[in-house]
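>>> Fold the following.
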Amino acid sequence: MDYLKFGVEDFLCDNSFLEYCLETNPEAVKFWKEWLNENPGKAPEVNNAREIFHTLNGNISAENFHNDHSVFTKALRLKLEEEGAVPTLPDSSLIQKRNKVRRLWITTASVAACILLGIGFFLFSTDKTKIAQVTPTLSYSTPMGKKKVIKLPDGSVVTLNGGSHVRLHPEFNKGNRELNLTGEAYFVVIHNAAKPFVVHTRKITIRDVGTEFNVKAYPSDKITEASLIKGLIEITIQEGTQKTVKSKPIMLSPNTKFIFRNDAVKEGHKNNVIKPVFNVRNITTTEDHSVAETDWTQNKLTFVDEPLSEMAAQMERWYGVKVVIANPALNNLRFTATFDHGDIIQILEALKLSGNFNYRKEDNMISIY
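Next up is the predicted model:
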């Protein structure tokens, strides 16, 4: 099992990891502690997964699990009987068959965690007299080289590009429909006039009025983009992002996109010159009549007059590899091309024909020179 490729959801669907969270299996605990020592870079995802697991589990910690096992198994029995999963058993049988119950809980938790991350569901609380419904804050992530389609509790659908993260507001679909995005996502939103759909990024906020739109907001990119395909969206620049720009909403019409320069504040402070921090232009249609800004949702990697430096970042997210341009003179080479289902070597070979460069692949790194 290659745990280095695991994201938060993957950890929550792994039985060994769940046993580690509850500390019910000494071998699992030892394995994961040693694995974390060897792979400290995965600690944020592991800690996030543990936090979500305990939230889903009604905040029952390992200590509480051991101290209050009887109460927990009663709650488990009631829940499973309610769903018709197991026959009714007397309390004494459950206590005597502790190991069996523990194994059943681990399996149930694994399945439940996977289901919750897709559609949401309720779990047990530590209340000793009843089973309460718990609605945790949900988050979704994709590693480099992966994509994911998510159906939100309100019925809206989000497609996440590689290296992206979405975090829902705790009151999502109850008091509001707000979420935070880092990276790139395509949204197909269910209209609800009483609860506008709002996407927060570091630089801009997008308020939807029932529509389809794409948001690209990677922290390392030079620009933040919002591309409207259908409907209507309202964009507000985050307060404090650029003091010379009023936070007056910008209304975007279909087939247009909003482009914000992420480095606008730095340049303004350095040169004391006020430059446009955003502009609105038409979306880009390719020769085969597809939309360049959303081609990634159709497994097409499209470049439109893009410099090699930005293409390298896109290829990293697409294929999950590290792309380094060793010769700075190549950074500004520009290309227009669409690749459908090709691997990265095929793409580099095609670009190489007109780009006058070479490349070398070693393990998970590609150097262009």
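>>> pLDDT weak spots in this protein?
Segments of the chain classed as low confidence (criterion: pLDDT under 70) are 9, 53-137, 210, 239-247, 264-276.
>>> in it, which spans are helices?
For the chain, helices defined by DSSP state H occupy the ranges 8-12, 15-22, 26-38, 43-56, 62-67, 69-82, 91-96, 98-119, 264-271, 308-319, 344-355.
>>> counting contacts, what elements does the shortest one pack onto?
In terms of contacts (3 or more C-beta pairs under 8 Å, 6 or more residues apart in numbering; DSSP states H and E), helix 8-12 is packed against helix 43-56, helix 98-119, strand 139-142. In this view, the C-beta of every residue, glycine as well, is placed from N, C-alpha and C.
>>> could you say what helices and strands the last one packs with?
Just to be clear, that refers to strand 139-142. Where contact means 3+ C-beta pairs under 8 Å, 6+ apart, strand 139-142 is packed against helix 8-12, helix 43-56, strand 148-151, strand 157-160, strand 164-168.
>>> Between those, which one is closest to residue 252.
strand 157-160 (18.6 Å; C-beta to C-beta).
>>> strand partners of that closest one, parallel vs antiparallel please.
Paired strands of strand 157-160, with direction, are strand 148-151 (antiparallel), strand 177-188 (antiparallel) (DSSP bridges).
>>> With mean neighbour count and distance to residue 328 added, can I get these in a markdown table?
Below are the strands paired with strand 157-160 laid out as a markdown table (neighbours: other C-beta atoms under 10 Å; distance: least, C-beta to C-beta, whole Å):
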| stretch | mean neighbour count | distance to residue 328 |
| --- | --- | --- |
| strand 148-151 | 16 | 35 |
| strand 177-188 | 21 | 26 |
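>>> So for residue 339, which of the ones you listed sits nearest?
Shortest distance between residue 339 and the strands paired with strand 157-160, using C-beta to C-beta, is found for strand 177-188: 17.3 Å.
>>> what does the closest one contact?
142, 154, 156-169, 172, 192, 195-202, 208, 211-219, 294, 296-297, 317 (C-beta atoms under 8 Å, 6 or more residues apart in numbering).
>>> so that strand versus strand 164-168, what angle?
140 degrees (axes from the mean of the first three to the mean of the last three C-alpha atoms, to 10 degrees).
>>> just to revisit the earlier point, switch the helices and strands packed on strand 139-142 over to TSV; also include distance to residue 176.
As requested, these are exported to TSV (distance: least, C-beta to C-beta, whole Å):
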stretch	distance to residue 176
helix 8-12	23
helix 43-56	20
strand 148-151	18
strand 157-160	16
strand 164-168	10
